[in-house]
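Novice: Just to be clear, the model below is a prediction. Sequence and coordinates:
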Protein chains: 2
Amino acid sequence: MEETSVSSILFMNSVFSKRRAVVRKNLAERGVDALVVNQAANRYYLSGFSGEDGVLVVSRDGTFLVSDGRFTTQAKEEAPGVRVVLQKGGLYEAAGKLLRSRGYRRIGYDPDSLTVADFAGMRRAAGRKRAWQRASGVVEGLRARKEPSELAEIRQAAVLAGEVLERTLKLLRPGVRETEIAAEIEYQMRRRGAAGPSFPPIVAFGERSALPHARPTRRKLRRNELVVLDLGAILAHYCSDITRTVFVGNAPRRVRRWYQAVLEAQGAAISAAKAGVECGEIDGAARKVLTGHGLGRYFVHSTGHGLGLEIHEAPRVARGQKQRVLPGSVITIEPGIYVPGVGGIRIEDDVAIHEASTEVLTRIPREFTEL
Amino acid sequence: MEETSVSSILFMNSVFSKRRAVVRKNLAERGVDALVVNQAANRYYLSGFSGEDGVLVVSRDGTFLVSDGRFTTQAKEEAPGVRVVLQKGGLYEAAGKLLRSRGYRRIGYDPDSLTVADFAGMRRAAGRKRAWQRASGVVEGLRARKEPSELAEIRQAAVLAGEVLERTLKLLRPGVRETEIAAEIEYQMRRRGAAGPSFPPIVAFGERSALPHARPTRRKLRRNELVVLDLGAILAHYCSDITRTVFVGNAPRRVRRWYQAVLEAQGAAISAAKAGVECGEIDGAARKVLTGHGLGRYFVHSTGHGLGLEIHEAPRVARGQKQRVLPGSVITIEPGIYVPGVGGIRIEDDVAIHEASTEVLTRIPREFTEL
């Protein structure tokens, strides 16, 4: 058993069952009998089950988790309010049979996470006389507005990531390898209680920093180079995400100028991130600053993304996005510029949107740093 | 730049382009103009591109990689034989537009990895007059027979995982936490040059070992407990996977008996794993031994799985599977028993099937060990 008190299990169970009650109400309004939930974070959000495989069915008359023998003991422990159904044969065939045996007619499914083959297999097993209704984003919509207990988890994960990043900066000496730094990052996270990294850390030296998603290599750090560190931790299921760029040595003027432009762009986007604002406007605030500095063409990605049980979740903070941030939204703000063959600069923080304020969750300094 | 010589880049490019030539021949035989490859390992296998996002299109008249601005520099570096197409709008819309502009009529797609929504978006953008043909497993089929250079990579990844496991055993003392052991495992992997773990390590103490897929918790090890360690490393893109179970303290008689039964089952499955044998027979060899010991009901998962660019790939070594292992197959053999509330025992090794022999790639001892 985990070192979890009985009272905290009871508390969490009431959290999961409350969320299911909201989903059930939503389904009733749409005239849907049952919702098939196969995406891992959604499954956890509604049940507490953290295994990698399984199909959750939330219906008007109960909740079922179809899974295989590897997970039945775990499922019963983690999700006591849910009926665990042991699959025979394929997972989606078993889910289809359950839907059939319960006699659900109108079934909601998630086209964004079900594969073409799994959907076909489930439909076949569920038999005729069933109406299948696309139900994209039902659970993601709930997840996009964090509950106070979720915010508290993300806040802790963000603080942890910042601590690890600050500690890692001390290891940046000429001769150290990207892979060594990445190893230290993951090790320090786990030592501080993280379940693991929320994505493989990005450690990019010199001209490799121009690759926004560089994987660590055995390349050694040299003097007078840019270093991009992008990392996040999972703490009690919730993710954080932070990036800092530093210069090891004495930075040339243009690097300083680029850094100040990215910092200014990030500040503009954070200022724009207020409850009720469209995500596209937040992106636009960063983009406008970089374009003003003649660097717009080097900003090759979007400004940010939602953060929670997943490292990338709703909303997308990108050009033209109409979705609005609301109290309870948690997003990253991470403009960057990437000059091929030369290097890149990115600064990223996590922010939580409140009714009348915006809280920066990652609290370590952002000023230009030469090591 | 990675520390990669020009000659090794040229060598790898010819590897990728040879694989594409095989796919192209396969497509021509089926009368398919272009194959849409969106699954990450397949994309890498055919192009060398290792970014997380992108759609590869292998056609009769060239190969294209549709991706976004985060990956264009990386794609050009990693996949020089491929034309990189910068997406505008959604990835699958961009892929659909490419298919349309090239005028492909008959298009192969992978129902096992395309989501219902992405497939619909791509079809819409590709316009009418196109015939869509399911092409499951085309690339997976090639990947299932490893080339000698791939085997060499997996062998190294397997040795690395074994070294890390042996070293980790020395840290098992009463009072240590599961999360601390997991942190050490990942750290030691990276220090030995791994790109990372091939899956989050499983570290399960005492009754938690009865959960085949336990996640590490803060639980402390006590005297007289079972410990299951299941870990794998990614080395130069290829995965390994190994499990050992040990007893910290003096094991009761029944635990020794159980261990011997699992060890015997594993040995039987390894002996059965010969070129030309059906996977179901390999699974059956392990299952028969455990059933003979009255433990069949505690063996709640299948005997193994293919291993390569992915930690789980073809073939499945499970009950009733007709697929045959062939020279070049690499599979895990990992029977286990799980007694709820008491504990579990699993022993796992990676084996490569050759024409006239079976090579065990993970070479550390399997005998029952009390620490």
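Specialist: That came in fine, so what should we check first? All values derive from a computational prediction rather than experimental measurement.
Novice: Give me the phi and psi for the residue of the stretch 251-371 of chain A found nearest chain B.
Specialist: Here the stretch 251-371 of chain A gets closest to chain B at one residue, A:Val300, 3.2 Å apart by CB to the nearest CB. Heads up, the C-betas are built off the backbone N, CA and C, glycines and all. Note on A:Val300: backbone dihedrals following degrees, to the nearest 10 are phi -100, psi 10.
Novice: likewise A:Glu359?
Specialist: phi -110, psi 120.
Novice: So the spatially closest residue to A:Ala131 that is not a sequence neighbour versus chain B, what's the distance?
Specialist: Excluding the flanking residues, the one nearest A:Ala131 by CB to CB, 6 or more residues apart in numbering or on different chains is A:Arg106, at 4.7 Å. Noted for A:Arg106: a distance of 17 Å to chain B, by CB to the nearest CB, to the nearest Å.
Novice: Please apply the same query to A:Thr168.
Specialist: Separation of A:Thr168 from chain B (CB to the nearest CB) stands at 13 Å.
Novice: what's the following helix or strand after the helix or strand that residue falls within?
Specialist: Using DSSP states H and E, A:Thr168 maps to helix A:148-169. Counting by DSSP H and E, the next helix or strand C-terminal to helix A:148-169 is helix A:178-191.
Novice: OK, contacts around A:Gly328?
Specialist: By CB atoms under 8 Å, 6 or more residues apart in numbering or on different chains, the contact set of A:Gly328 is A:Ala144, A:Arg145, A:Lys146, A:Glu147, A:Leu151, A:Ala352, A:Ile353.
Novice: got a pLDDT number for A:Thr4?
Specialist: At A:Thr4, the predicted lDDT confidence score is 47.
Novice: so A:Arg254, which of the three states?
Specialist: Under the three-state scheme (DSSP: H, G, I helix; E, B strand; the rest coil), A:Arg254 adopts helix.
Novice: Report how many residues lie close to the residue nearest to A:Leu226 when sequence neighbours are not counted.
Specialist: Spatial nearest neighbour of A:Leu226, excluding adjacent residues (CB to CB, 6+ apart): A:Gly343 at 4.2 Å. By other CB atoms under 10 Å in any protein chain shown, 24 other residues sit near A:Gly343.
Novice: could you list every residue that touches A:Gly343?
Specialist: Counted by CB under 8 Å, 6+ apart, A:Gly343 has contacts A:Gly206, A:Glu207, A:Ser209, A:Ala210, A:Glu225, A:Leu226, A:Val255.
Novice: Next, format these as a markdown table and append neighbour count.
Specialist: As requested, the contacts of A:Gly343 are arranged in a markdown table below (neighbours: other CB atoms under 10 Å in any protein chain shown):
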| residue | neighbour count |
| --- | --- |
| A:Gly206 | 20 |
| A:Glu207 | 18 |
| A:Ser209 | 25 |
| A:Ala210 | 24 |
| A:Glu225 | 22 |
| A:Leu226 | 25 |
| A:Val255 | 21 |
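Novice: distance of the closest residue to the residue of the stretch 251-371 of chain A closest to chain B other than its chain neighbours from B:Leu35?
Specialist: Closest residue in space to A:Val300, ignoring its immediate chain neighbours: B:Gly69 at 3.2 Å, by CB to CB, 6+ apart. Going from B:Gly69 to B:Leu35 by CB to CB, to the nearest Å gives 25 Å.
Novice: Out of the two, name the residue with the larger neighbour count.
Specialist: B:Leu35 (27 against 16).
Novice: Sheet partners, orientation included, of the helix or strand hosting that one?
Specialist: Element membership for B:Leu35 (DSSP H and E) is strand B:34-37. According to DSSP bridges, strand B:34-37 forms sheet pairs with strand B:55-59 (antiparallel), strand B:106-109 (parallel).
Novice: Got the confidence number for the spatially most central residue of chain A?
Specialist: Residue closest to the mean C-alpha point of chain A, counted by CA atoms, centre = their mean, is A:Ile311 at 1.8 Å. On pLDDT, A:Ile311 comes in at 97.
Novice: Could you measure from the nearest residue to A:Ala251 once chain neighbours are set aside over to A:Val57?
Specialist: Leaving out its chain neighbours, the residue that sits closest to A:Ala251 by CB to CB, 6+ apart is A:Glu370, at 5.8 Å. Distance, A:Glu370 to A:Val57, using CB to CB: 56 Å.
Novice: And what about A:Leu309, helix, strand or coil?
Specialist: Assignment for A:Leu309 (three-state DSSP): coil.
Novice: Kindly report the same for A:Val227.
Specialist: Applying three-state DSSP: A:Val227 is strand.
Novice: need the contact list for it.
Specialist: A:Leu172, A:Val203, A:Ala204, A:Phe205, A:Ser209, A:Leu221, A:Thr245, A:Val246, A:Phe247, A:Val248.
Novice: Any stretches of chain A with poor pLDDT?
Specialist: In the predicted model, chain A carries pLDDT under 70 at residues A:1-11.
Novice: Around chain B, which positions in the stretch 1-150 of chain A sit nearby?
Specialist: A:1-3, A:50-52, A:68-74, A:109, A:111-117, A:119-120, A:136 (CB under 8 Å from any CB of the partner chain).
Novice: mind redoing it with 7 Å?
Specialist: Counting by CB under 7 Å from any CB of the partner chain, the residues of the stretch 1-150 of chain A lying close to chain B are A:2-3, A:50-52, A:69-71, A:73-74, A:111-117, A:119.
Novice: Can I have the buried ones of those as a PyMOL selection?
Specialist: To isolate the buried ones among the residues of the stretch 1-150 of chain A next to chain B in PyMOL, judged by 16 or more other CB atoms under 10 Å in any protein chain shown, type:
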select buried, chain A and resi 50+51+69+70+71+73+74+111+113+114+115+116+117+119
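Novice: Okay, and which of the residues of the stretch 1-150 of chain A next to chain B map to strands?
Specialist: Nothing among these maps onto strands, per DSSP state E.
Novice: which bits of the stretch 201-350 of chain A sit near chain B?
Specialist: Going by CB under 7 Å from any CB, the residues of the stretch 201-350 of chain A near chain B are A:Ala210, A:Leu211, A:Pro212, A:His213, A:Arg215, A:Thr217, A:Arg218, A:Arg219, A:Val300, A:His301, A:Pro340.
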